[in-house]
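>>> pasting the structure only:
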């Protein structure tokens, strides 16, 4: 084991280059603080658009940017591609699977979340989730292969099974997946087959709770449901999934035969809490104080999906990119002040910039809190504009914008490739 | 086993949707002939640009287009995604791994070529070739991971090994790969690392024969070699590779330690000849008559890389996309006439439209035969223009054009993602 860091400046180590970790690094850019950011991937992934990779609208490279490239302008930031295996909180070192250790003065845990099957990990091979590029590619392969098999088979029941897609979970991921698959079948694939009519595919969205999108006001959720139904999606609420296997999904005591099942129901925090040896909430999140410090672990902070951070009213903040990003920026700035001037860390205050969900190509819902809302095509345009700005901001490029315009004008899906082995998906974390 | 074809019109079955198969299908489009085209992938791959995927310049979806989409406008053409396991030449049926059989009146074998390690299949895991999207992704992952490890390691010898890339084979593939990797290191990665200088990477191109690009005139090949050397590539000719293992490449009795080895040395024909039970040349090619029919096998034709077709002087035609494409168009038209009017199949005559190789971003060589040549930046522009036209022709889109312009203006590589498991590459066929 070698010790890699020898600088005399204070050293902040960030684990995870998602929205939170990257924002923290950028807030520390150009300061006298040394920064090391560690991620097991070499790219930052724009997760909110991952469903568009899974439904063949975008390529992985459209929504992923090398971390090194994003941070290349900042000489005080070092990027390490590595897998963290543990933290020695006494010696203040992060251990990597690569066999090295990195000493820190301050440590930021920004490791995000993974899929959770609520104890049913045997469902995972039959119902891939949507957390990584590999999973998105596997879903794309499954959906496209199902249409190929439907076209090929002579058996009407098997054709029906191949053309049935069940999306489990009525949150934003499930809603966006169901809408996007319905559009793929209705528009992009419509003319390509000879025997089957892809537009006749059954897309079923299953939610165990009483309604979709519980994080949104009821009026917006109903609008989203109506929009999905107009796209041909069957929405089933109040029916919990009892089993998922190679045949399909059992719910309400009934087996729905489906060749493709997509899991959008549950997430849990990354297993970072185990590195610190601390107890978590039921979702695996690390409880943090108002300044995002981890209680009882000196000089360690957590943010984003892996942190349990409560607002002034005691409500846990939701697992949203904007929460992680604001926390990262806040903590980066706070540590910069603290390490250079000795300032006390101020508490984090979340500012809701609007929570969105997309229902197909023309409709979205936005909730800005305190009763301010937007829905429909204007909301979609706003969502698209915001995401283009966010993407251009992180990658300084306009490629995705061009792709979108192209897709918008032509109803095309440019990335309809069956390349990933559909069976190789596994749950991570 | 079910019989899927019931039409009364003559039925042409095409195996393989590469340049040859696709051209044959298009030549039969809109006729009274029924056409079925079978491919194990759902996409047509623009193989000449595959090296740009391997070097992170393009995404897989930029050079691959769903076969169904290309052929959607033609109601007489059916697309089957399936893997052919054999041909019953007596009963005139093609057998598929999917458990079905397809009857044909005429059968076109257009299954292309695979990599060949000249009997050293144990080299394959250490030296991936460049024939498929999966292999291109694996090479991209290897190259990018090597720079990550070089940045991370404290050991100077190991750093040197990680920053050494050996490309085996001095044909167009090897030349294009070596040039593109050198540019990736020199430009796209130049600023992204802190400890290493990617521009100091050693890219070694190894050719066993006396010179590069033996299919080209010597003057053009020397120009290509000088251009590569200007990009920083070390060109080694006349030295055969003796071994490839986890340490690197042994050649001329000396081990060159290299973390990345890329195989561009050999191809052999697809194993389609074994379906027909006929003997082949040493490269596995099916000998065909001037009209592309397979001797002794009624109503079966072969073209492209998997066929051994001789020109008027008795020379075998080279394994080029333009040969396959011209053969496909010729055979499709000939069969259309033959099946509708009983015309005899005319012999195929190859028209050389220019054989090109690319050396980096600004230089190319073109050989039009009979002493007509072009080299340098103008040749590169011509090559780019030709390929944009070919791509737009097959996919009716301008996305790749935009990508190229973008890359050209910014020296960027948009697809630098480490996603494929680098060890999973295998030889196919």
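Now that the structure is in, tell me what you want to look at. Owing to the predicted nature of the structure, the values given are computational and were not obtained by experimental measurement.
>>> quick one: contacts of stretch A:37-46?
A:13-18, A:21-22, A:25, A:63-68, A:70-71, A:77-84, A:94, A:96, A:102, A:132-133, A:390-391, A:394, B:144-145, B:148, B:416-418 (C-beta atoms under 8 Å, 6 or more residues apart in numbering or on different chains). Yep, even glycine has a C-beta here, placed from its N, CA and C like the rest.
>>> One more pass at 7 Å, please.
Stretch A:37-46 has contacts (C-beta atoms under 7 Å, 6 or more residues apart in numbering or on different chains) with A:13-18, A:21-22, A:25, A:63-67, A:70, A:77, A:79-84, A:94, A:133, A:391, A:394, B:144, B:148, B:417-418.
>>> So how do I select the buried members of the residues you listed in PyMOL?
If you want just the buried ones from these in PyMOL, going by 16 or more other C-beta atoms under 10 Å in any protein chain shown, the selection is:
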select buried, (chain A and resi 13+14+15+16+17+18+21+22+25+63+64+65+66+67+70+77+79+80+81+82+84+94+133+391+394) or (chain B and resi 144+148+417+418)
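>>> Among the contacts of stretch A:37-46, which lie within helices?
Judged by DSSP state H, those include A:21, A:22, A:25, A:67, A:70, A:133, A:391, A:394, B:144, B:148 as members of helices.
>>> and the gap between the second one and residue A:42?
Residue A:22 sits 13 Å away from residue A:42, taking C-beta to C-beta, to the nearest Å as the criterion.
>>> and what of the fifth one?
Using C-beta to C-beta, residue A:70 is found at 11 Å from residue A:42.
>>> about what we covered before: can you name the two of the ones in helices among the contacts of stretch A:37-46 that sit furthest apart?
Maximum pairwise distance among the ones in helices among the contacts of stretch A:37-46 (C-beta to C-beta): 24.1 Å, between A:391 and B:148.
>>> Please name the nearest non-neighbouring residue to the residue in the stretch 101-250 of chain A that chain B sits nearest to.
When scored by C-beta to the nearest C-beta, the stretch 101-250 of chain A has residue A:192 as its residue closest to chain B, at 3.8 Å. With C-beta to C-beta, 6 or more residues apart in numbering or on different chains as the criterion, residue A:192 has its nearest non-adjacent residue at 3.8 Å, and that residue is residue B:68.
>>> quick one: contacts for the one you found?
Residue B:68 neighbours (C-beta under 7 Å, 6+ apart): A:192, A:193, B:79.
>>> Can you give me the neighbour number for residue A:199?
By other C-beta atoms under 10 Å in any protein chain shown, the residues close to residue A:199 number 12.
>>> close enough to count as contact, it and residue A:189?
No. Taking C-beta atoms under 7 Å as the definition, residue A:199 is not a contact partner of residue A:189, at 8.1 Å.
>>> re earlier: burial check on the residue of the stretch 101-250 of chain A closest to chain B, number of neighbours?
Using other C-beta under 10 Å, residue A:192 has 20 neighbouring residues.
>>> That one contacts residue B:69, correct?
Yes. Counting by C-beta under 7 Å, residue B:69 is a contact partner of residue A:192 at 5.6 Å.
>>> Look through chain A and report the residue furthest from the middle.
Distance from the C-alpha centroid of chain A peaks at residue A:154, with 38.5 Å (C-alpha atoms, centre = their mean).
>>> what residues does chain A put near chain B?
A:2, A:41-43, A:59-61, A:64, A:66, A:68-69, A:72, A:78, A:80-81, A:98, A:133-134, A:144, A:148, A:152, A:154, A:191-194, A:399, A:402, A:406, A:414-419 (C-beta under 7 Å from any C-beta of the partner chain).
>>> quick one: pLDDT of the closest residue to residue A:267 other than its chain neighbours?
Closest residue to residue A:267 apart from its sequence neighbours, by C-beta to C-beta, 6+ apart: residue A:113 at 4.3 Å. For residue A:113, the model assigns a pLDDT of 94.
>>> Look up how far residue B:279 lies from residue A:113.
59 Å.
>>> Check residue A:33 too.
71 Å.
>>> So for those two, which residue has more residues nearby?
In this view residue A:33 and residue B:279 are compared by other C-beta under 10 Å, and residue A:33 has more residues nearby, 22 against 8.
>>> The more buried one is in contact with residue A:339, isn't it?
Yes. With contact defined as C-beta under 7 Å, residue A:33 and residue A:339 form a contacting pair (5.3 Å).
>>> got any residues that touch both of those two?
Common contacts of residue A:33 and residue A:339 (C-beta under 7 Å, 6+ apart): residue A:10.
>>> Break chain A into its domains for me.
A:11-115+A:268-341, A:121-265+A:355-419 (automatic domain parsing).
>>> Just send the contacts of residue B:68 back as a markdown table, with distance to residue B:284 and pLDDT too.
Listed next are the contacts of residue B:68 as a markdown table, based on distance: C-beta to C-beta, whole Å; pLDDT from 0 to 100:
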| residue | distance to residue B:284 | pLDDT |
| --- | --- | --- |
| A:192 | 33 | 87 |
| A:193 | 34 | 90 |
| B:79 | 26 | 95 |
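>>> for the residues you listed, which one is nearest residue A:256?
residue A:193 (22.8 Å).
>>> residues contacting that closest one?
Residue A:193 neighbours (C-beta under 7 Å, 6+ apart): A:147, A:151, B:68.
>>> need those residues in CSV with pLDDT and distance to residue B:376, can you?
What follows is these, written out as CSV (pLDDT from 0 to 100; distance: C-beta to C-beta, whole Å):
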residue, pLDDT, distance to residue B:376
A:147, 93, 47
A:151, 92, 48
B:68, 91, 40
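>>> of these, closest to residue A:297?
For the contacts of residue A:193, the nearest to residue A:297 is residue A:147 (50.5 Å; C-beta to C-beta).
>>> I'd assumed residue A:198 was in contact with the closest one.
Yes. Contact status for residue A:147 versus residue A:198: in contact at 5.9 Å, counting by C-beta under 7 Å.
>>> so what sits against both of those two?
residue A:189.
>>> Neighbour count for these two, which is higher?
Neighbours per residue (other C-beta under 10 Å) separate residue A:147 from residue A:198, with residue A:147 holding more: 26 against 19.
>>> wait, what's in contact with the more buried one?
Counting by C-beta under 7 Å, 6+ apart, residue A:147 touches A:189, A:193, A:198.
>>> how near is the first one to residue B:317?
What that stands for is residue A:189. Computed as C-beta to C-beta, the residue A:189 to residue B:317 distance reads 37 Å.
>>> Show me which of the two is the more surrounded one.
Just comparing residue A:189 and residue B:317: by other C-beta under 10 Å the higher neighbour count belongs to residue A:189, 25 against 21.
>>> ok, for that one, nearest residue in space, not its chain neighbours?
Closest to residue A:189 by C-beta to C-beta, 6+ apart is residue A:198, at 3.9 Å.
>>> ok now stretch A:30-46, how far from the chain's centre?
Taking the mean of its C-alpha atoms, stretch A:30-46 sits 18 Å from the chain's own mean (C-alpha atoms, centre = their mean, to the nearest Å).
>>> where does the nearest residue to residue A:247 once chain neighbours are set aside fall, phi/psi-wise?
What sits nearest to residue A:247 in space, not counting adjacent residues and going by C-beta to C-beta, 6+ apart, is residue A:257, at 5.8 Å. Dihedral pair for residue A:257: phi -70, psi 120, per degrees, to the nearest 10.
>>> Ok, residue A:112 next?
Taking degrees, to the nearest 10 as the convention, residue A:112 sits at phi 70, psi -150.
>>> so it makes contact with residue A:304?
Yes. Residue A:112 lies in contact with residue A:304 (C-beta under 7 Å); the separation is 6.0 Å.
>>> neighbour-wise, which of the two wins?
residue A:304 (33 against 24).
>>> per-residue pLDDT, that one?
So residue A:304 comes in at 96 (pLDDT).
>>> still on that earlier bit, min pLDDT across the ones in helices among the contacts of stretch A:37-46, which one?
Lowest pLDDT among the ones in helices among the contacts of stretch A:37-46: residue A:394, with 55.
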